[in-house]
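K.L.:
predicted model and sequence below, questions to follow.
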Amino acid sequence: MHPSRLLPAASDALASSPDGRLTAAAYPNYRLLVWDNDNDTRLFDLTNLPGRISHLDFSPDGKLLAGDVGQGGLRVWAATDGTLAASLETENPVLHLEFPRTGNG
């Protein structure tokens, strides 16, 4: 089954891992879902985030997922289980989010 049939509609942000195996979707209710497209399974569902996510990006190796949260926060999670890897608060909203694409990634 295609992940678009498994993910709720009306997402604020979408991202696919570089190898196409994972899909991440953020929703207006402060929720983040990540799916394994190969197995048609939900890997994790984070709820009650501190704000809406409007930008998502996977690291070039697909191991990390970054997203902005609210009006000045950034979170980085392990892409396969949602473990928080890093958190940063900023004074201003995040306007663009992208991992550098260097080397083979």
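P.N.:
Done, it's in. Numbers count the residues shown, from 1 in each chain.

K.L.:
just the pLDDT for the closest residue to Glu98 other than its chain neighbours.
P.N.:
In space, Glu98 comes closest to Asp57 once its chain neighbours are excluded; the distance is 5.2 Å by C-beta to C-beta, 6 or more residues apart in numbering. C-beta here means a position set from N, CA and C on the backbone, and glycine is covered the same way. As predicted, Asp57 sits at a pLDDT of 97.

K.L.:
what's the helix or strand hosting Asp57 packed up against?
P.N.:
If you go by DSSP states H and E, Asp57 is part of strand 56-58. If contacts are counted by 3 or more C-beta pairs under 8 Å, 6 or more residues apart in numbering; DSSP states H and E, strand 56-58 sits against strand 13-16, strand 22-27, strand 64-68.

K.L.:
tell me the strands beside that strand, with direction?
P.N.:
Paired strands of strand 56-58, with direction, are strand 64-68 (antiparallel) (DSSP bridges).

K.L.:
state the distance from Leu33 to Leu56.
P.N.:
11 Å (C-beta to C-beta, to the nearest Å).

K.L.:
show me the contacts for Asp45.
P.N.:
Arg31, Leu32, Leu33, Gly82 (C-beta atoms under 8 Å, 6 or more residues apart in numbering).

K.L.:
test my guess that Leu65 contacts Ala79.
P.N.:
Yes: counting by C-beta atoms under 8 Å, Leu65 touches Ala79, with 4.6 Å between them.

K.L.:
what do the two both touch?
P.N.:
Counting by C-beta under 8 Å, 6+ apart, the contacts common to Leu65 and Ala79 are Leu22, Ala24, Val34, Phe58, Ser59.
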